[in-house]
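1. show me the folded form of this:
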Amino acid sequence: MKKLLVGFIMVIMLITLTSCGNNTPRIAVLDVDLLLQKSHLAQELHNDLVELGTNLQQEYLEKEESLTDKEKQNELEKMDQEFMRNKKQMEQVLNGRINTIISQLAREKNLDVVVDKNSTYYGGIDITGEVIERLDEIAGEDDGGNGQGEK
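-> Purely as a prediction, here's the structure:
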């Protein structure tokens, strides 16, 4: 009787292990740093932000001499808020597009999880190149295909 029970438990464990093997989660990795370096859209948004910062700085320098200390402080705070508002907006545009692309790829490739490659020690399907490619395709569509992206 004991041998039959042990044999039955072994069969159940074998079936459980075999069925679990078929449901192995599919995990993908995304190198966000590489995406930000290689994507034309990400670079355009970064360049737009740098240009905005330069313009705000130039605007301040033109006004600076005619302002009191209090007005200078207020002007700097106002410009900082404008810069941060624009930065946040640009990040939201980029993150929204990246999330949309990741969702599409996850459905197409039957991926269960997408994680940051820099926090992964081993394994995973690298989808970074595909995300960059699709992100830049969207940027090209936004501007009629001339590679200038949104401004």
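2. from the chain's centroid, how far away is the longest helix seen in the chain?
-> What stands out as the longest helix in the chain, according to DSSP state H, is helix 69-108. The chain centre lies 13 Å from the centre of helix 69-108; the measure is Cα atoms, centre = their mean, to the nearest Å.
3. for it, name the packing helices and strands.
-> The helices and strands touching helix 69-108, judged by 3 or more Cβ pairs under 8 Å, 6 or more residues apart in numbering; DSSP states H and E, are strand 27-30, helix 40-64, strand 113-116, helix 128-142. Every residue, glycine included, has its C-beta placed from N, CA and C.
4. 10 Å instead?
-> If you count contacts as 3 or more Cβ pairs under 10 Å, 6 or more residues apart in numbering; DSSP states H and E, helix 69-108 packs onto strand 27-30, helix 32-38, helix 40-64, strand 113-116, helix 128-142.
5. can you lay out these as TSV showing distance to Met84?
-> Formatted as TSV, the helices and strands packed on helix 69-108 follow (distance: least, Cβ to Cβ, whole Å):
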stretch	distance to Met84
strand 27-30	26
helix 32-38	19
helix 40-64	10
strand 113-116	24
helix 128-142	23
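6. tell me how far Ala139 lies from His46.
-> 13 Å (Cβ to Cβ, to the nearest Å).
7. about what we covered before: so of the helices and strands packed on helix 69-108, which one's packed in deepest?
-> Between the helices and strands packed on helix 69-108, strand 27-30 has the highest mean count of neighbours, a mean of 20, where neighbours are mean count of other Cβ atoms under 10 Å.
8. contact partners of it?
-> Strand 27-30 has contacts (Cβ atoms under 10 Å, 6 or more residues apart in numbering) with 98, 101-102, 105-106, 109, 111-120, 122-128, 130-132.
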